[in-house]
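S.K.: curious how this folds, go ahead:
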Amino acid sequence: MSARRLDGLGILLLLLGVGAIANALWMLADPLRWYHDLPASVPDTGPFNEHFVRDIGCAFLAAGVAQVWAAFAPAYRTPLVASAAIFAVGHALIHVFDTARGAVPPEHWALDLPGVYLPAVLLGTVALACLRAEGGDHAPRTHRTP
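M.R.: Numbers count the residues shown, from 1 in each chain. Here you go, the predicted structure:
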């Protein structure tokens with residue numbers, strides 16, 4: 001296998017993906033420490049649930065792997081980034097909703113910026129750019145017979 005040169009977008013995806021994978025591995029390996037030590041005041045969101053933390057860890061792992069794969073495989077970038085963006089943007093929207101309705105303190109706007117909102121904005125933007133670059137035409141092709 002030859003080494004593939006990363007473009008600027010690939011570097012961004014690699015960095016985001018490695019961050020997501022690192023977070024996932026921490027969630028899976030030591031969910032209680034992740035819950036208490038992540039500098040995002042996770043306890044504000046509700047009581048600790050080891051199973052739930054690990055479930056979400058699997059989602060971060062899947063999204064992170066998709067981003068790293070997309071970094072090195074531009075031909076598959078659009079579906080991989082779109083899949084990761086669905087998780088990241090959905091996750092961010094849940095945080096927006098919970099903060100806006102007062103379920104968590106208002107300081108979560110700032111606490112969630114680096115680890116939730118920024119990745120969602122970046123991945124959503126990259127996903128849209130990839131779709132536009134492909135022409136946005138993902139409808140199935142049908143063969144016409146005379």
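
S.K.: report how many residues lie close to R33.
M.R.: 11 (other CB atoms under 10 Å). To be clear about C-beta, it is placed using only N, CA and C from the backbone, and glycine gets the same treatment.

S.K.: and what of H91?
M.R.: Quick note: H91 (other CB under 10 Å) scores 20 neighbours.

S.K.: quick one: contacts for it?
M.R.: By CB atoms under 8 Å, 6 or more residues apart in numbering, the residues touching H91 are V116, A120.

S.K.: three-state assignment of it?
M.R.: helix (DSSP: H, G, I helix; E, B strand; the rest coil).

S.K.: any low-confidence regions in the protein?
M.R.: 1-3, 136-146 (pLDDT under 70).

S.K.: which residue lies nearest the spatial centre of it?
M.R.: Ranked by distance to the mean C-alpha position of the chain (CA atoms, centre = their mean), the top residue is A88 at 3.7 Å.

S.K.: pretty sure that one is touching L118, no?
M.R.: No. The criterion here is CB atoms under 8 Å, and A88 misses it with L118 at 9.6 Å.

S.K.: got the buried residues for the helix or strand containing V126?
M.R.: Element membership for V126 (DSSP states H and E) is helix 118-133. With burial defined by 16 or more other CB atoms under 10 Å, the residues of helix 118-133 counted as buried are P119, A120, L122, L123, G124, V126, A127, C130, L131.
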